[in-house]
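Chemist: Kindly return the folded structure for what I paste below:
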Amino acid sequence: MNFYSIVIPVYNRPDEVRELLESLTTQTFKNFEVLIIEDGSKEPCEKVVNAFRNTLDIHYYFKQNSGQGFTRNYGFDRAKGDFYIVFDSDCLIPNTYFETVEKFLKEHKADAFGGPDAAHESFTALQKAISYSMTSPFTTGGIRGNKKHVGRFHPRSFNMGISKQVYETTRGYKLTRMGEDIEFSIRIINEGFSTALIEDAYVYHKRRTSISQFYKQLHFFGRARINVNRFFPGELKAIHLLPALFTSGLAFWFSTIFWSQELFKLGSVVLSAFFLLILVHSLVKTKSLKVGLISVITSFIQLFAYGMGMISEKLRPRGNQPFAQK
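Modeler: Coordinates of the predicted model:
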């Protein structure tokens, strides 16, 4: 039986940590420890953690702020498990998560693994719409949490597991932000380790709770994709360029209002059909007209913000690249 170390970086999210820890107390498989790493928060969660000391094997650490990548490394250095599991602090964990992972690892070899994210029934309509937009085949190409993803599976840090050997070989994250999980996954694969998607090992991921926060997050993700390609040229695949193409196409369509009414009308029809498709698909998936309508907005933001992030980072002067390797 494997022993798991759950590593959770936290920055000013005591209420979310409480919900996450509550979900861990209900696990059917309990052979794990929890490491909460406070990354220089001004709103620490130590009191929240202390409330769970009788129900969880839990450890709390406070350190200076260095970003989530290096904060996870801090946790890995103190972990005792056979496998290290990374969750974002805004996740809720279904009670069979570790039972599912343990069963999978008994039947399959995987040095690193991950699972999808999903929307919990308690989430707001906006959170459900954001969850749809982040997993829809019409916005991400279905590459997140889908067996039909392009190429080898690259685990993401909101729901990711690695063996102790993986950490000892790679020494963890070399970037602290800006695509740190993508860069880490690429190095894991390049070192010859096996990766696996465990489709049933999903988490409920709250993500951002406002339109403006969602825009900022996706803009950052777009920048991160370009940043990672600087370290690993060739990792930027055609499917990753779809948001940038959407954003560029949107700008071209808008410009046609000044010089070609026919092209403007044609573009309007194409865009309307595309977003109608998203509305119908979201309605079928979520069984909620309200979520479907909001999904049209969040899907637009998902594509536009990510595309703008890619374009702005590509145009950034090479001497002004943030979050370089440590």
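Chemist: check which helix or strand covers the closest residue to Leu218 other than its chain neighbours.
Modeler: In this structure, Leu218 finds its nearest non-sequential neighbour in Ala305, 3.8 Å apart by CB to CB, 6 or more residues apart in numbering. Bear in mind the C-beta positions are built from the backbone N, C-alpha and C, glycine included. Applying DSSP states H and E as the criterion places Ala305 in helix 289-314.
Chemist: Let me see the mean pLDDT of that helix.
Modeler: On average, the pLDDT along helix 289-314 is 95.
Chemist: Tell me which helix or strand comes right after the strand or helix carrying Phe184.
Modeler: Phe184 belongs to helix 180-190 when assigned by DSSP H and E. Scanning forward in sequence from helix 180-190 by DSSP H and E, the next helix or strand is strand 195-197.
Chemist: now for that next one, which elements pack on it?
Modeler: Judged by 3 or more CB pairs under 8 Å, 6 or more residues apart in numbering; DSSP states H and E, the packing partners of strand 195-197 are strand 112-114, helix 180-190.
Chemist: rank the ones you listed by pLDDT, which is bottom?
Modeler: helix 180-190 (a mean of 93).
Chemist: what's that helix packed up against?
Modeler: If you count contacts as 3+ CB pairs under 8 Å, 6+ apart, helix 180-190 packs onto helix 68-78, helix 164-170, strand 195-197, helix 211-231.
Chemist: thinking again about what came up before, and the residue nearest to Leu218, how close does it get to Thr139?
Modeler: With distances taken as CB to CB, to the nearest Å, Ala305 is found 11 Å from Thr139.
Chemist: When these two are compared, which one has more neighbours?
Modeler: Just comparing Ala305 and Thr139: by other CB atoms under 10 Å the higher neighbour count belongs to Thr139, 24 against 21.
Chemist: My understanding was that that one contacts Phe304; is that so?
Modeler: No: between Thr139 and Phe304 there is no contact under CB atoms under 8 Å: 10.5 Å.
Chemist: Show me the common contact partners of those two, please.
Modeler: Here Thr139 and Phe304 share no contacting residue, scored by CB atoms under 8 Å, 6 or more residues apart in numbering.
Chemist: so where's the stretch 201-326 of the chain uncertain?
Modeler: Under the criterion pLDDT under 70, the flagged ranges of the stretch 201-326 of the chain are 208, 318-326.
Chemist: So what's the residue count around Cys45?
Modeler: Quick note: Cys45 (other CB under 10 Å) scores 25 neighbours.
Chemist: I misspoke; the intended subject was Lys287.
Modeler: Neighbour count for Lys287, taken as other CB under 10 Å: 9.
Chemist: please renumber so the chain begins at 854
Modeler: OK, 854 is where the count begins now, so the last one is Lys1140.
Chemist: wait, the residue nearest to Leu1071 sits on Ser1065?
Modeler: No: in this structure, Ala1158 is not within contact of Ser1065 by CB under 8 Å, at 10.3 Å.
Chemist: if we can go back for a sec, residues making contact with the helix holding Phe1037?
Modeler: Applying CB under 8 Å, 6+ apart, the contact partners of helix 1033-1043 are 920-922, 964-965, 1005, 1007-1010, 1013, 1015, 1019, 1023, 1025-1028, 1048, 1077-1078, 1081, 1084-1085, 1088, 1176.
Chemist: Now do that helix against helix 921-931, angle only.
Modeler: Relative orientation of helix 1033-1043 and helix 921-931, computed by axes from the mean of the first three to the mean of the last three CA atoms, to 10 degrees: 60 degrees.
Chemist: hang on, the earlier thing: which one of the helices and strands packed on strand 1048-1050 lies nearest to Lys1069?
Modeler: Nearest to Lys1069 among these is helix 1033-1043 (17.3 Å), distances taken as CB to CB.
Chemist: Might you calculate how far the closest one sits from the centre of the chain?
Modeler: A distance of 14 Å separates the centroid of the chain from that of helix 1033-1043, by CA atoms, centre = their mean, to the nearest Å.
Chemist: cool, and stretch 889-906?
Modeler: Worked out by CA atoms, centre = their mean, stretch 889-906 lies 22 Å from the chain centre.
Chemist: could I get that stretch in PDB with only the CA atoms?
Modeler: Coordinates of each C-alpha in stretch 889-906 appear next as PDB, following Å, rounded to 0.1, in the frame of the first residue of the first chain:
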ATOM      1  CA  ILE A 889       0.200  23.000   4.000                       C
ATOM      2  CA  ILE A 890       2.900  25.400   2.800                       C
ATOM      3  CA  GLU A 891       2.000  29.100   3.500                       C
ATOM      4  CA  ASP A 892       3.800  31.200   0.800                       C
ATOM      5  CA  GLY A 893       4.200  34.400   2.800                       C
ATOM      6  CA  SER A 894       0.500  35.000   3.100                       C
ATOM      7  CA  LYS A 895      -0.900  38.100   4.800                       C
ATOM      8  CA  GLU A 896      -4.000  36.100   5.700                       C
ATOM      9  CA  PRO A 897      -2.400  32.900   7.100                       C
ATOM     10  CA  CYS A 898      -4.400  29.700   7.500                       C
ATOM     11  CA  GLU A 899      -2.600  28.300  10.600                       C
ATOM     12  CA  LYS A 900      -5.700  28.400  12.800                       C
ATOM     13  CA  VAL A 901      -7.700  26.600  10.100                       C
ATOM     14  CA  VAL A 902      -5.000  23.900   9.900                       C
ATOM     15  CA  ASN A 903      -4.900  23.500  13.700                       C
ATOM     16  CA  ALA A 904      -8.600  22.700  13.700                       C
ATOM     17  CA  PHE A 905      -7.800  19.500  11.600                       C
ATOM     18  CA  ARG A 906      -4.900  18.100  13.600                       C
END
